[in-house]
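In: Please find the sequence and the predicted model below.
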Amino acid sequence: MSKINFLKPDKSNLNTFLYLGSFLFLVGVLDVLLNSFFSLNLTGFLPGFLSYFLPLILGFVGLYFIRIELSGIKQLDQLNKHINTNNFNAILSLLIIFIIIKSIPPLLSWFFVDASFAGESKDVCTGSGACWTYIKVWMRRFMYGMYPNGEQWRINLSFVALALLGSVGYFATDKFKKYLTLYYVVIYPFIAFLFIFFFISGGPVFFDFSYGIIAAILSIIIGFFIPSKFKFYYFLIVPFGLYILLKYFIFYEELIELGKLDGLNWVETGAWGGLSLTFIISFFCLIFCFPIGMAFALGRRSGFPLIRYISIGFIEFWRGVPLITVLFMSAVMFPMFLPADFFIDKLVRCIIAISLFEAAYVAEVIRGGLQALPRGQYEAAKSLGMGYWRMHIFVILPQALKLVIPGIANTFLALVKDTPLIFVVGLLEIVGMLNLAKTNPEWLGFAMEGYVFAAIIFWIICYAMSKYSYNLEQKYKTDR
Amino acid sequence: MNFKLKDIGPQLLTVIAVVLVFGFFTYNAQVNMENRGIDFGYGFLSQESSFDVQFSLIEYDGSHSYFRAYLVGLLNTILVSVIGIFIATILGVIVGIARLSPNYLINKFAAFYVEFFRNIPLLLQIFFWYFAALRALPLPQDAEAMFGIAFLTIKGLYVPAFIWQNFNIFFYSIVAAIIAIIVIRYQAKKLQETEGRQTPVLLISIGLILILPLISFLIGGVRLSFEVPVLKQLATTSFIYEGGVSLPPELIALALSLSLYTATFIAECVRAGIQGIGKGQKEAAASIGLTPNQVLKLVVMPQALRIIIPPTTNQYLNLTKNSSLAAAIAYPDLVLVFAGTALMQTGKAIEIVSITMFTYLSLSIVISLFMNWYNNKIAIQEK
């Protein structure tokens, strides 16, 4: 064994340094561990300042000793490479390890050990931990807002139906694949609109919905017997004819008024709320803002100066103002711009405002994609004799949209995260409901639990969305 | 000029549609205002506002005009935006660099921070800090002093106030130091380009900014004293701190959540910028004998900044616009004071909402003009 220089660990005394270093490091970690989990202070006999920093010093010296290049031990080399490259990194690594160890016990005890889960009232929440009973009791309100308890199956049913209809794309056979775009762009939003605005709100308009469904089913069944030559005209005329027939000639409105036909109870939009409202608003804004944004992106790149300036004005205006003022506008200013007897529902105004707002952002993202395409693509399409619309629909947009998937996903994420702002117009989605529940005199003092709960939900939604967009981006990545 | 119908047609149709929509809206607005007996005009701005604002940077009370109230709100918005931008930039750059660290733990820690704060709505974060976290702070009488001079309580942060004597001399000394630094930097750059000699700019700068104010203290008669906040009992259970500067909890919650949230986005911009620099650049720089620090300072950062700045500008704009969420926790910013209270009192919806929107538009334009100027300055000078 050669002479040991403790200021310069080297390979010749590998074992000494290794044992000494890992011993010191482990003692440091153990001290923090015992301190944080069992409130034991091994180094309590030392003066306060030294006792506080001792684990850090021990760990630092330990890491210094084991920082031996090319030691020949694979694990040690990996460790050095990842957390122990130099003094600075060693201290940062130690700090992070200690912070994690220190923060686990309080978090664990708050979330699980000292938390109360059982019971139905505030009385069970006596521990120092979280009161999940509060979340349990208020769950329905957080999910459905003020929507009547007995009617909540309508929301559930609509969401399940829409989810099923939305997943059609995964099961479609090759024969139907070519219709999928049409389905998702035109038919699906329309069905979703029918479901949400007629089924969830109920009331007299619900009958419109039922007639519409009956008319659609009947016309599809009959449609099978129509020769394909006339199918287009058939579907253009017959469903609407059937609908009018059903509405005005077969099921008289009088029957409803007489109570012979029993529809769904009407639930005004003011009573909608909770997480389901977050979904409804995000869903509609998502559907509407995309085509509007696409139109303005094309407008901004248009060769006609007037159209271009109008598009630029639109985009820059919405991008320059905060959403909260836009919602203020939709709440207090917009009604002034409409005829006196013309009333638009609060929720609809909200959706219009958010859609226009997000459309400006979508437009900028899509413009980025359009600009990124090489000019050769435009020229090639033109040389094939394609006009403006054919060129954009078949050549430019498919490529441009592929390029901007991450940007669009970010915009949609921002949209979902912006929905809580609708508290401005008095609609209460989940964050709004939390603030309402917080002020309930029987449940004072549980703000933290509520916000943590909502944060977890939003985090899961947003994280899943961003991961999904990443997968989509990988799937459509085409090398050029 | 040679007009073609094919070119004119679509434009004409669009313009007509826009004009029709706007005309429809204006007509309805006129009719509605006539029916309700409201007259349109901005004259109310000079009227007495007769409402109070809790926190304001300029002197204000109910006897001042609505315009003064607007200024109070605007200044509060600017204050929280500037604080937010300042903290978010520092934090974002640190986290962005940490994301590229070879240290596994630091890297994952930074990634965790980014993924965590980015995916939770800002409004929720503001509520969390304001209603849950800051409410857990001690009451004024129970607060422990931080370093003996500052108090963090449920009623806000109390810090000592600076009391200056001959402040203007101190101020001029700082200005002189900054001008000197700019001149020296310019000279050093010139020297570097013409003769290839390097000057220790950083050391000289630090020396200047320390020494000149110090001289002002020693011979300029500048005196600085602190006014430490003192606990004062108002009633048996009501305490308050007097003296010093108090930052309301609304401001703290808002600035904290805005900067934590925006820092995640800035961190991603910084990371993308540094990653966008090809490996060859670093290797080439190293091969001509630059030290790692010089590589970062002279080769990587100047190029990375070009990629970092445009998206970061967007984040600054977003932060400024997001500061309007202040209305949710009653921090008296532009939206709360003007579009909230003033609108309720006057009922001038169109005027007030339009002024508010116009103000935000102007703020956005000012920030983006400044950043465009900076971006052009550092952009590649093609010859």
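Out: Now that the structure is in, tell me what you want to look at. Numbers count the residues shown, from 1 in each chain, chains lettered A, B, ... in the order given.
In: Mean pLDDT per element in chain B, and the minimum belongs to which helix or strand?
Out: For chain B, counting by mean pLDDT, DSSP states H and E, strand B:145-146 ranks last in confidence among helices and strands (a mean of 69).
In: which strands and helices sit next to whichever helix or strand comes after that strand?
Out: Sequence order places strand B:150-153 as the next helix or strand after strand B:145-146, per DSSP states H and E. For strand B:150-153, the elements it packs on are strand B:156-159, judged by 3 or more Cβ pairs under 8 Å, 6 or more residues apart in numbering or on different chains; DSSP states H and E. Using the backbone N, CA and C atoms, a C-beta is placed for each residue, glycine as well.
In: and the strand it packs on, which strands flank it?
Out: strand B:150-153 (antiparallel), strand B:245-247 (antiparallel) (DSSP bridges).
In: now, of those, which is deepest in the fold?
Out: For these, the largest average neighbour count (mean count of other Cβ atoms under 10 Å in any protein chain shown) is found in strand B:150-153, namely a mean of 21.
In: Show the average pLDDT along it.
Out: For strand B:150-153, mean pLDDT rounds to 76.
In: go on, stretch A:212-220?
Out: Here the average pLDDT along stretch A:212-220 is 77.
In: Domains in chain A, by residue range?
Out: A:11-113, A:117-147+A:268-480 (automatic domain parsing).
In: and those domains, which one is worst for confidence?
Out: For these, where the average pLDDT is lowest is domain A:11-113, sitting at a mean of 82.
In: Return the distance of that one from the chain's centre.
Out: Counting by Cα atoms, centre = their mean, to the nearest Å, domain A:11-113 is centred 39 Å from the centre of its parent chain.
In: quick revisit: mind checking the strands paired with strand B:156-159 for the one nearest to B:I58?
Out: Comparison of those against B:I58 by Cβ to Cβ identifies strand B:245-247 as nearest, at 15.0 Å.
In: Any idea how many residues pack against whatever residue of the stretch 1-150 of chain A ends up closest to chain B?
Out: Closest contact between the stretch 1-150 of chain A and chain B, by Cβ to the nearest Cβ, is at A:H82 (4.0 Å). Counted with other Cβ atoms under 10 Å in any protein chain shown, the neighbours of A:H82 add up to 16.
In: For stretch B:334-346, give me every contacting residue.
Out: With contact meaning Cβ atoms under 8 Å, 6 or more residues apart in numbering or on different chains, stretch B:334-346 is reached by A:322, A:324-325, A:328, A:332, B:44, B:49-51, B:53, B:66, B:69-70, B:72-74, B:76-77, B:324, B:326-327, B:330, B:349, B:352-353, B:355-356, B:359-360.
In: Figure out the length between the terminal residues of it.
Out: End-to-end distance for stretch B:334-346: 16 Å, by Cα to Cα, to the nearest Å.
In: Just the buried ones from the contacts of stretch B:334-346?
Out: Those of those that meet the buried threshold are A:322, A:324-325, A:328, A:332, B:44, B:49, B:53, B:66, B:69-70, B:72-74, B:76-77, B:324, B:326-327, B:349, B:352-353, B:355-356, B:359-360, by 16 or more other Cβ atoms under 10 Å in any protein chain shown.
In: where exactly do the helices run in the stretch 151-300 of chain B?
Out: Using DSSP state H, counting those that start in this stretch, the helices of the stretch 151-300 of chain B run over B:167-195, B:201-219, B:249-275, B:279-287, B:292-294.
In: B:M357 versus the closest residue to A:S93 other than its chain neighbours, what's the distance?
Out: Counting by Cβ to Cβ, 6 or more residues apart in numbering or on different chains, A:S93 lies nearest to A:I83, which is 4.1 Å off, once chain neighbours are set aside. For A:I83, the distance to B:M357 equals 51 Å [Cβ to Cβ, to the nearest Å].
In: Same question for A:P106.
Out: A:P106 is 45 Å from B:M357, by Cβ to Cβ.
In: For the two, indicate the residue with more neighbours.
Out: Shown here are A:P106 and B:M357; by other Cβ under 10 Å, B:M357 has more neighbours (21 against 13).
In: and that one, what is it in contact with?
Out: A:320-321, A:325, A:329 are the contacts of B:M357 under Cβ under 8 Å, 6+ apart.
In: Now do the same contact list for A:S466.
Out: A:409, A:413, B:119.
In: Pull out the buried positions in the helix or strand containing the first one.
Out: Take DSSP H and E as the rule and A:A409 turns out to sit in helix A:405-418. Counting neighbours by 16+ other Cβ under 10 Å, one finds that the buried residues in helix A:405-418 are A:405, A:407-418.
In: SS state for the closest residue in space to A:A90 that isn't next to it in sequence?
Out: Among residues not flanking A:A90 along the chain, A:L63 sits closest, at 4.2 Å (Cβ to Cβ, 6+ apart). State at A:L63, reduced to three classes by DSSP: H, G, I helix; E, B strand; the rest coil: helix.
In: same question, the one 5 residues further on
Out: Applying three-state DSSP to A:I68 yields a three-state assignment of coil.
In: where does it fall, phi/psi-wise?
Out: phi -120, psi 120 (degrees, to the nearest 10).
In: pLDDT below threshold where in the stretch 101-250 of chain B?
Out: Within the stretch 101-250 of chain B, the segments meeting pLDDT under 70 span B:146-148, B:243.
In: Which residues of it lie near chain A?
Out: B:101-106, B:109, B:115-116, B:118-125, B:127-128, B:131-133, B:135-136 (Cβ under 8 Å from any Cβ of the partner chain).
In: The residues you listed in strands, which ones?
Out: In strands, judged by DSSP state E, none of these are found.
In: Just the buried ones out of those, please.
Out: Using 16+ other Cβ under 10 Å, the buried ones in those are B:101, B:103-106, B:109, B:118-125, B:127-128, B:131-133.
In: ranking the helices of the stretch 151-300 of chain B by burial, who's on top?
Out: helix B:249-275 (a mean of 23).
In: Would you mind getting the angle between that helix and helix A:405-418?
Out: Interaxial angle, helix B:249-275 versus helix A:405-418 (axes from the mean of the first three to the mean of the last three Cα atoms, to 10 degrees): 170 degrees.
In: related to what we said a few turns ago, filter the buried ones among the contacts of stretch B:334-346 down to the ones in helices?
Out: Residues from those lying in helices, with DSSP state H as the criterion: A:324-325, A:328, B:66, B:69-70, B:72-74, B:76-77, B:349, B:352-353, B:355-356, B:359-360.
In: can you tell me which residues contact A:S330?
Out: Counting by Cβ under 8 Å, 6+ apart, A:S330 has contacts A:349-350, A:352-353, A:425.
In: cutoff 6 Å now
Out: A:349, A:353 (Cβ atoms under 6 Å, 6 or more residues apart in numbering or on different chains).
In: Repeat that for A:S383.
Out: A:S383 neighbours (Cβ under 6 Å, 6+ apart): none.
In: Also A:S71?
Out: Here A:S71 is in contact with A:L14 (Cβ under 6 Å, 6+ apart).
In: Roughly how far does it sit from A:F65?
Out: 12 Å.
In: Please enumerate the shared neighbours of these two.
Out: Counting by Cβ under 6 Å, 6+ apart, no residue touches both A:S71 and A:F65.
In: in the stretch 251-383 of chain B, which ranges drop under the pLDDT threshold?
Out: Using pLDDT under 70, the stretch 251-383 of chain B drops low at B:379-383.
In: and with 90 instead?
Out: B:252, B:271-283, B:286, B:289-318, B:325-357, B:363-383 (pLDDT under 90).
In: residues in it within reach of chain A, list them.
Out: B:321, B:324, B:335, B:339, B:349-350, B:353, B:356-357, B:360-361, B:364 (Cβ under 6 Å from any Cβ of the partner chain).
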